[in-house]
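Chemist: A predicted structure for the sequence below; I have some questions about it.
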Amino acid sequence: MAALLGIVFPVTFPGQGQLPVKLHSRRRSVVKSSSSSDERQTLFNRIAPVYDNLNDLLSLGQHRIWKNMAVSWSGARTGDKVLDLCCGSGDLAFLLSEKVGPSGKVMGLDFSSEQLAVAASRQKLRVRSCYKCIEWIGGDATDLPFDDCEFDAITMGYGLRNVVDRDRAMREMYRVLKPGSRVSILDFNKSNQSVTTFMQDWMIDNVVVPAATLYDLAKEYEYLKYSINGYLTGEELETLASEAGFSSARHYEISGGFMGNLVAVR
Ligand SMILES: C/C(=C\Cc1cc(O)c2ccccc2c1O)CCC[C@H](C)CCC[C@H](C)CCCC(C)C
Ligand SMILES: C[S@@+](CC[C@H](N)C(=O)[O-])C[C@H]1O[C@@H](n2cnc3c(N)ncnc32)[C@H](O)[C@@H]1O
């Protein structure tokens, strides 16, 4: 995806009407990493209208528990400045804002304009003052428009698996984190247990995709299975973080090994 300067798309912010949001990039011309990144951007734009509801339905609401765990593992505290990378419709950003409070700051970054539009719409419906500290940014996880050592914590929920250049994304997270701070990366677990892999695939084939078919999104949700199969194991994620410079990294399996959360300290 070319995160080019000057691409502007409207994202509605509370009380300010429609504001143009620039897709930011620190580099003048970011060469397209690969067409599959564009395809993924299109995919997440397409599923944006039903994304939240299908997550609630298909995980029986469990994904909210997993996201709460990811945010807790991030170590975000009152007054912190934090980043939710690949924020999508904003679930983790909203949870982070409850942690940092009105005195803190939450940046939600995503390259899907439709997902960001849903996030901004959801924010407009929320009245607690903490939600006003969230800012939605159009950008690419592999080319963050932030300074070095800017954030006290980073979360990434179901994002890293979908990023084409994961090494670059991990190095960018390291760059923008303050020393001693954490990144908490929640995603499906690419299990070494064949029974877990079988059950994940079975659920996707026999529950998730049939449900998505009702919305004409079968292909988009079929991608889920292939993306999990092409993901990294917990051990490989720990190595990825270490090679990016993180001083420690631990991957925790949750929900019977269906999901996993990497916690790395800069
Ligand atoms: C929040 C969840 C998934 C987010 C998500 C991530 C992606 O990369 C996608 C790619 C393409 C389409 C959609 C997504 C997407 O929604 C996890 C929960 C939602 C899942 C869709 C449900 C998966 C069901 C599990 C395989 C089994 C759950 C067992 C649980 C104990 C009930
Ligand atoms: C499955 S959604 C996760 C959304 C949200 N974090 C959650 O937990 O529900 C993955 C998100 O990652 C975004 N994404 C994928 N690759 C990206 C990239 N290179 N840069 C920015 N966002 C990206 C997609 O647009 C999508 O909104």
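Modeler: Nice, thanks for sending it over. Numbers count the residues shown, from 1 in each chain. Ligands and ions are numbered 1, 2, ... in the order given.
Chemist: which bits of the stretch 151-266 of the chain sit near ligand 2?
Modeler: With C-beta under 6 Å from any ligand atom as the criterion, the stretch 151-266 of the chain meets ligand 2 at residues 157-159, 162-163. C-beta: built from backbone N, CA, C; applies to glycine.
Chemist: export the helix or strand hosting Glu243 as PDB, just CAs?
Modeler: Assessed by DSSP states H and E, Glu243 sits inside helix 234-244. Taking C-alpha atoms only, helix 234-244 is exported to PDB below (Å, rounded to 0.1, in the frame of the first residue of the first chain):
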ATOM      1  CA  GLY A 234       4.400 -17.800  19.400                       C
ATOM      2  CA  GLU A 235       8.100 -18.700  19.400                       C
ATOM      3  CA  GLU A 236       8.600 -17.100  16.000                       C
ATOM      4  CA  LEU A 237       6.900 -13.900  17.200                       C
ATOM      5  CA  GLU A 238       9.200 -13.800  20.200                       C
ATOM      6  CA  THR A 239      12.200 -14.100  17.900                       C
ATOM      7  CA  LEU A 240      10.700 -11.400  15.600                       C
ATOM      8  CA  ALA A 241      10.500  -9.000  18.500                       C
ATOM      9  CA  SER A 242      14.000  -9.800  19.800                       C
ATOM     10  CA  GLU A 243      15.400  -9.200  16.300                       C
ATOM     11  CA  ALA A 244      13.700  -5.900  16.100                       C
END
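Chemist: after it, next one along is what?
Modeler: As assigned by DSSP H and E, the chain's next helix or strand after helix 234-244 is strand 248-254.
Chemist: beyond that next one, next helix or strand please.
Modeler: Sequence order places strand 259-265 as the next helix or strand after strand 248-254, per DSSP H and E.
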